[in-house]
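Colleague: Dropping a prediction and its sequence here:
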Amino acid sequence: MKRMLIILLSLLLIFTVACSKEKPAESNVGTEENGSAEQNQEKKTVKFCFPNGVPALTVAKFAYENPIIDENMEIEYEIQSTPDLLASKILKGEADIAIVPSNLAAQAYNKEIPYKLVGTSVWGTLYMMSTEEIDSFDSLKGKEVYSFGKNLTPDLVFKYVLKENGIDPDKDVSITYLNAASEVGPAFISGKTNLAVLSEPAVTNIMMKKDNAKVVFDFNEEWSKITGIEQGYPQASLIIKSDLLEDHKEFVDKFIQVYSENLQWAKENPEKLGEYAEKLEYGITKDMVVNGIERMNMGPLYVEDMKKEYEVYYNVLLDFAPDVIGGKLPDEEFYFER
């Protein structure tokens, strides 16, 4: 009897230990399943499109370091090699975030493509270069000037400044338009022309290669003199899809904050910015960035602080070529507010 009791107690002890071990096992299985579900949760891909040149430099720190803004959001950086490709992306609504010519931002909005304007990535970077002495706009009379993008916004800014300084662009000067901006620089370097309208970073590249090349007119500065707008004209702007703003506000707010900080960092750290540009293979050298940073006019960003600058710019474009902004001024809903 005593022996039977010992056996029963032993069996009871074994059963109790077994049960106590099973409970954590059940808990672990649940944790593993939850962890697996979290790991398998698909990240949302955010397409960030921008052109090469100075706009790409404003993104260089972002693209190279690729900071995690939100663990469930993955930013995909896409350089668009031509203005037409960029315009196509925007007018089809394929980019979630983009840096675009400011007129394209208005044009897309007026075509009811739901983007909001966040602010200015790049202010005017258009310049006239010469190898001869040009001390006033009157000195341009009778001259031939090489340029690019007939009736596109850089050309409209150029013509507007000429007209406001008493020069008729159709009669007083001869403007030769090349097929692309990339063709103007080589033509100037080779001596085919002594006067050319160019943008950064091409301006700095030429000055590094041609000793007698100099900037004779800064069109952003001339715009400021004419309009009284200190910052000049907003050349390239940051836009964000409305649904991204509505559905992922926390991500967007953090993204805008980091991008704005990167703009300031870029202006203060040209050497490091140049290194990033080389590593990202933008076709822009470190020396070009270091020597040209003052003419690249990056930021400040927020449109709510710069709405007047946009209104003046859009009114000028509306008078010259209404179609470039979609035929009308964008309404208040176009402008992003923090």
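Modeller: Yes, it's here.
Colleague: center of the chain - which residue?
Modeller: Centroid-nearest residue in the chain, with C-alpha atoms, centre = their mean: residue 99, separated by 3.1 Å.
Colleague: Residue 137 and residue 164 touch, don't they?
Modeller: No: Residue 137 is beyond contact range of residue 164, at 9.2 Å (criterion: C-beta atoms under 8 Å). C-beta here means a position set from N, CA and C on the backbone, and glycine is covered the same way.
Colleague: For the two, indicate the residue with more neighbours.
Modeller: residue 137 (19 against 15; other C-beta atoms under 10 Å).
Colleague: sorry, back to before: kindly state the beta-bridge partners for the residue nearest to the centre of the chain.
Modeller: Here residue 99 shows beta-bridge partners residue 238, assigned using DSSP bridges.
Colleague: got a pLDDT number for it?
Modeller: Here the pLDDT value assigned to residue 99 is 98.
Colleague: before we move on, what about residue 297?
Modeller: Value listed for residue 297 in the pLDDT field: 96.
Colleague: So which bits of stretch 68-78 are buried?
Modeller: 69-70, 73, 75, 77 (16 or more other C-beta atoms under 10 Å).
Colleague: repeat for stretch 50-64
Modeller: Within stretch 50-64, the residues that count as buried by 16+ other C-beta under 10 Å are 50-63.
Colleague: can you pull out the strands in the stretch 1-150 of the chain?
Modeller: 44-51, 73-80, 97-101, 115-123, 126-130, 144-148 (DSSP state E, counting those that start in this stretch).
Colleague: I'd like to know which of these is closest to residue 267.
Modeller: Proximity to residue 267 (C-beta to C-beta) singles out strand 115-123 among the strands of the stretch 1-150 of the chain, at 11.3 Å.
Colleague: wait, residue 120 sits on residue 301?
Modeller: Yes: under the criterion of C-beta under 8 Å, residue 120 makes contact with residue 301 at 6.2 Å.
Colleague: Who has more neighbours out of the two?
Modeller: residue 120 (29 against 22).
Colleague: Look up which residues are beta-bridged to the more buried one.
Modeller: Beta bridges link residue 120 to residue 237, judged by DSSP bridges.
Colleague: who's in contact with it?
Modeller: Residue 120 sits next to 102, 231, 234-238, 299-301, 303, 306, 309 when contact means C-beta atoms under 8 Å, 6 or more residues apart in numbering.
Colleague: Quick check: which ranges of the stretch 51-200 of the chain have low pLDDT?
Modeller: Within the stretch 51-200 of the chain, no stretch has pLDDT under 70.
Colleague: which residues in it form helices?
Modeller: 54-65, 83-91, 102-110, 153-164, 181-190 (DSSP state H, counting those that start in this stretch).
Colleague: Can I get these in CSV including distance to residue 212?
Modeller: Listed next are those as CSV, based on distance: least, C-beta to C-beta, whole Å:
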stretch, distance to residue 212
helix 54-65, 25
helix 83-91, 31
helix 102-110, 34
helix 153-164, 22
helix 181-190, 11
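Colleague: Nearest approach to residue 127 belongs to which of those helices?
Modeller: helix 153-164 (10.1 Å).
Colleague: in that closest one, what counts as buried?
Modeller: For helix 153-164, by 16+ other C-beta under 10 Å, it's 153-162.
Colleague: now swap in stretch 167-183 and tell me
Modeller: For stretch 167-183, by 16+ other C-beta under 10 Å, it's 167, 169, 172-173, 175, 177-178, 181.
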